[in-house]
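Asker: based on what follows, work out the 3D shape:
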Amino acid sequence: MKKELFFLRTFAATSAICSSFLFFSSFKSSGNQKFETIDVQRINVVEADGTVKLIVTNAGLFPNGEDKINGRLTNSTRKKRAGMLFYNEDGIECGGFIYDGEKTENGHSAGLSLTFDQYDGDQVMQLLTTDSQLGDERYVSSSLVFNDRPAKESQEKTGEIMKELAELRKSNPEAFKTRYAEYQAQELIGGAPRIMLGKSRSQNNGLFLFDDQGMPRAMFYLDKDNNPKLEAFDAEGNVTSTWPEKN
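Answerer: Model (predicted):
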C-alpha cells in the first residue's frame with residue numbers, strides 16, 4: 001500500500017510539472033505563433049522595454065480619463081470608440097483611427113476618423129467622414145483636412161488648460177473669454193483648419209482654403225447642381241470675387 005501511494009504521488013507531481021512546462025512553453029517570449037481566429041477586447045503592441053507603440057481596442061476598453069499610457073494620463077473628454085491609437089518613440093500619442101455608427105430615434109449617426117498629430121500636440125492631418133440622418137434629411141461629408149496647431153502646445157498642458165477653462169466658462173463667461181485669449185496669445189491653445197479637400201455639409205465638392213484664424217478665404221468647387229464655382233473672401237467672410245461672375 002505504501003509503495004502504491006508513493007507511486008501515485010510521484011506520478012501526480014511529475015504530471016503537474018510536465019503540464020506546467022508544456023503550458024508555459026506554448027507562450028514563450030520568442031518565435032511566431034499561428035492562430036486562425038483570436039477573439040480579444042484589446043491588444044497593446046509594446047517595445048522590448050514595455051513602451052506602448054500601438055493600441056487596438058474595442059469601445060469599452062478605449063483609454064480615457066484616469067487611464068495612463070506610458071506614464072501619461074489620457075484624454076478624459078473624448079468618447080470611447082473602437083479603433084487604434086498610435087504612440088511615438090517617446091511614448092506620446094501621435095494619432096489614431098476611430099469609427100462608430102448607430103441608429104437614432106429619427107435616423108442614424110456614423111463617422112470615421114484617421115488622424116496624425118503634431119509632436120506632443122493635436123491633429124495636423126485628418127481623413128474624416130460623417131454621415132447623419134434626421135428623418136428624410138441625410139448629410140454625408142467626406143474630406144481630407146490639414147490644420148495649423150499652436151507652436152508651444154503639449155497634450156498634458158492642454159488637458160490642464162481645457163479643464164480650467166471649462167470650469168471658468170460656467171462660473172464667469174467674460175473671464176473665460178479673456179483667459180482663452182491669453183492662452184491663445186501664448187500659443188498654448190488654438191489652431192485652425194487651413195486646407196480641406198472633399199465634400200462639405202452643403203454638398204459642395206472641391207478645395208477649400210482658410211486663413212490662420214480659420215476663416216474661409218478661397219473655394220474652388222462643384223456645387224450640388226454640378227456647377228463649377230470659384231470664390232474669394234475677405235477676412236470678415238465677405239465675397240470679394242467670384243467665377244463665373246454673377247449676373
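Asker: ok, and what's touching stretch 82-97?
Answerer: Residues from elsewhere that reach stretch 82-97 (CB atoms under 8 Å, 6 or more residues apart in numbering): 51-59, 62-63, 69-72, 74, 98-100, 113-117, 119-120, 123, 155. Yep, even glycine has a C-beta here, placed from its N, CA and C like the rest.
Asker: which ones among those are found in strands?
Answerer: Among those, DSSP state E puts 52-57, 69, 72, 98-100, 113-117, 123 in strands.
Asker: buried ones among the contacts of stretch 82-97?
Answerer: 51-53, 55, 57, 62-63, 69, 72, 74, 98, 113-115, 117, 120, 123, 155 (16 or more other CB atoms under 10 Å).
Asker: for the spatially most central residue of the chain, helix, strand, or coil?
Answerer: Nearest residue to the geometric centre of the chain (CA atoms, centre = their mean): G96, 4.5 Å. Of the three states, G96 takes strand under DSSP: H, G, I helix; E, B strand; the rest coil.
Asker: just give the nearest non-adjacent residue to it, would you?
Answerer: Nearest in space to G96, with sequence neighbours left out and distances taken as CB to CB, 6 or more residues apart in numbering, is L85 at 4.4 Å.
Asker: who does the helix or strand containing the one you found pair up with?
Answerer: Following DSSP states H and E, one finds L85 within strand 82-87. Applying DSSP bridges to the sheet, strand 82-87 is found paired with strand 52-57 (antiparallel), strand 93-104 (antiparallel).
Asker: tell me the domain boundaries of the chain?
Answerer: 36-148, 150-190, 192-247 (automatic domain parsing).
Asker: redo those as JSON lines? Include mean pLDDT.
Answerer: As requested, the domains of the chain are arranged in JSON lines below (pLDDT from 0 to 100):
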{"stretch": "domain 36-148", "mean pLDDT": "94"}
{"stretch": "domain 150-190", "mean pLDDT": "94"}
{"stretch": "domain 192-247", "mean pLDDT": "93"}
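Asker: can I get the strands paired with strand 82-87 in JSON lines including distance to Q133?
Answerer: Supplementary listing: the strands paired with strand 82-87 in JSON lines, determined by distance: least, CB to CB, whole Å:
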{"stretch": "strand 52-57", "distance to Q133": "28"}
{"stretch": "strand 93-104", "distance to Q133": "8"}
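Asker: S132 is nearest to which of those?
Answerer: For those, proximity to S132 was assessed by CB to CB; strand 93-104 is nearest, at 8.5 Å.
Asker: and the helices in the protein?
Answerer: Ranges of helices in the chain, per DSSP state H, are 2-25, 155-171, 173-185.
Asker: for the shortest one, which helices and strands make contact with it?
Answerer: When you say that, I think you mean helix 173-185. helix 155-171 (3 or more CB pairs under 8 Å, 6 or more residues apart in numbering; DSSP states H and E).
Asker: list the buried residues for the helix it packs on?
Answerer: Result for helix 155-171 [16+ other CB under 10 Å]: buried residues Q155, T158, G159, I161, L165, L168.
Asker: surely A235 meets D211?
Answerer: Yes: the pair A235 / D211 is scored as a contact, 6.8 Å apart, by CB atoms under 8 Å.
Asker: between these two, who's got more neighbours?
Answerer: D211 (15 against 9; other CB atoms under 10 Å).
Asker: would you quantify the distance from that one to A232?
Answerer: 12 Å (CB to CB, to the nearest Å).
Asker: common neighbours of those two, please.
Answerer: With CB under 8 Å, 6+ apart, D211 and A232 have common neighbours R217.
Asker: and T178, what does it touch?
Answerer: Here T178 is in contact with no residue (CB under 8 Å, 6+ apart).
Asker: hmm, I typed the wrong one, I wanted M125.
Answerer: Here M125 is in contact with T115, F116, L144, V145, F146, N147 (CB under 8 Å, 6+ apart).
Asker: redo these as TSV? Include distance to I189.
Answerer: Shown next, in TSV, are the contacts of M125 (distance: CB to CB, whole Å):
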residue	distance to I189
T115	18
F116	19
L144	24
V145	19
F146	19
N147	13
